[in-house]
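Participant: Sequence and computational prediction follow.
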Amino acid sequence: MSDHHHHHDHDHSELSETELRVRALETILTEKGYVEPAALDAIIQAYETKIGPHNGARVVAKAWTDPAFKQALLEDGSKAIGTLGHVSRVGDHLVVVENTPDRHNMVVCTLCSCYPWEMLGLPPVWYKASPYRSRAVKDPRGVLADFDVTLPKDIEIRVWDSTAETRFLVLPMRPAGTEGWSEEQLADLVTRDSMIGTGFPKTPGAPS
Amino acid sequence: MNGVHDMGGMDGFGKVEPEPNEPMFHADWESRVLAMVRAMGAAGAFNIDTSRFYRETLPPHVYLSSSYYKKWFLGLEEMLIEKGYLSREEVAAGHAMQAPKALKHGKFDLTQVERIMVRGKFARPAAAPAKFNIGDRVRAKNIHPTTHTRLPRYVRGHVGVVELNHGCHVFPDSAAMELGENPQWLYTVVFAGRDLWGADGDPTLKVSIDAFEPYLDPA
């Protein structure tokens, strides 16, 4: 038995019905020659190790320190990110939207789960679940309260419902007190939620 | 279709519950489902719009009570059965019993993993000039197709403003039903919150969707 079958080694009596059904499907797809299990392992490994919010954080930190890059990023997100060698490759039609003192952006997919995987990794459960999908477009301040996020009353909230091929990344505002910080230091302040619009970057000096 | 998946603006689902230090997967089987969906799609068994449609057509009580990857699994299994890649007998037996059906792009193996880690390209050449310009006022059509669409119910009948033009793209409504790519212009259309939700709505709210040209009329 090869390495990729390590998860088959448990007693089946411990397994849920769903787990048994999923294993059965993989067995059939493998026996019929449709998929190579090692290729499935490689997909999972890539999501677990290579693709994640660190990619988006690097892009945000670069935009905070390099005005020309920021401008290019807002004009064509995919193209600008394509010039950075040190982040994951990104698909077409990534749109970067900028938070300002007057406007806060939030991203949702009311119909399913569209999300900028290459920049943020796989979405968290809450992003794909009914409470967020139903309320984000109608009561975004209520949703933000669930994240302990409060915005000034007069700030515009712009919700981007990702209904088609476009993927959206929020460019949060650079935290105060970070003058002179390096890109690497700044990237550590950028959270996943701040790039969805349900949070802010970490505050310098605050416990993480 | 007007399914339970079209959730924008529905009430009663409760609070959003962020999970501190959420793991990438909550069980091993979730990761296998993700990988199988990606692999079989890349092998040409179905397109992304068709796979979305199969999840939407799960019975509402199943859709609402299943976790995210459970929905993916149920949609995948049903789609592969209906398309002839496996049979209900095989699913019941847990083993292959019949000859495989040829996949459009062949077996999904290790050499193809890197290619699928970046989103596919859905932009297509335009068959006709764009009907709308940035700044145009448009009304989302009051349509209720019983098949797949990416026009959410909460904007139908409402007037918004064209803000971005993303070029021409594969039209999900056609592609999901395997009626061809039928590329259409795609726009970001922004709506005032109070136009959508009435006088009680948040006055500071603006909501945009990405709308294909067939969803829109001049306003």
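Facilitator: Looks like it arrived, so ask away. Predicted model, so just to flag it, every value in this text is computed and none were measured.
Participant: Nearest to chain B: which residue in chain A?
Facilitator: residue A:91 (2.8 Å; CB to the nearest CB). No exception for glycine: its C-beta is placed from N, CA and C like everyone else's.
Participant: which residues touch the nearest residue to that residue once chain neighbours are set aside?
Facilitator: Counting by CB to CB, 6 or more residues apart in numbering or on different chains, residue A:91 lies nearest to residue B:119, which is 2.8 Å off, once chain neighbours are set aside. By CB atoms under 8 Å, 6 or more residues apart in numbering or on different chains, residue B:119 lies in contact with A:90-92, A:117-118, A:167.
Participant: So which residues of chain B form strands?
Facilitator: B:137-140, B:159-169, B:184-192, B:205-212, B:216-218 (DSSP state E).
Participant: how close does the residue nearest to residue A:91 get to residue A:117?
Facilitator: 7 Å (CB to CB, to the nearest Å).
Participant: nearest spatial neighbour of the residue positioned nearest the centre of chain B, skipping sequence neighbours?
Facilitator: Nearest residue to the geometric centre of chain B (CA atoms, centre = their mean): residue B:52, 4.5 Å. Of all residues beyond its chain neighbours, the one nearest residue B:52 is residue A:112 (5.9 Å), with distances taken as CB to CB, 6+ apart.
Participant: How many residues are close by the one you found?
Facilitator: Residues lying near residue A:112 (other CB atoms under 10 Å in any protein chain shown) number 20.
Participant: Then residue B:121?
Facilitator: Neighbourhood size, residue B:121 [other CB under 10 Å]: 12.
Participant: So it sits against residue A:91, correct?
Facilitator: Yes: under the criterion of CB atoms under 8 Å, residue B:121 makes contact with residue A:91 at 7.4 Å.
Participant: Show me the domain layout of chain A.
Facilitator: A:17-48, A:54-196 (the TED database).
Participant: Isn't residue A:29 up against residue A:35?
Facilitator: Yes: with contacts counted by CB under 8 Å, residue A:29 reaches residue A:35, the gap being 4.8 Å.
Participant: So for the two, which residue has more residues nearby?
Facilitator: Neighbour count, other CB under 10 Å: between residue A:29 and residue A:35, residue A:29 has more, with 28 against 24.
Participant: Compute the distance between that one and residue B:68, please.
Facilitator: 21 Å.
Participant: one step back: name the residues contacting each of residue A:29 and residue A:35.
Facilitator: The contact lists of residue A:29 and residue A:35 share B:36, B:39-40, where a contact means CB under 8 Å, 6+ apart.
Participant: From the residues you listed, pick the one nearest chain A.
Facilitator: Distance to chain A, by CB to the nearest CB, is smallest for residue B:39 among these, at 4.7 Å.
Participant: With adjacent residues omitted, what lies nearest to that closest one?
Facilitator: In space, and not counting its chain neighbours, residue B:39 is closest to residue B:108: 4.0 Å by CB to CB, 6+ apart.
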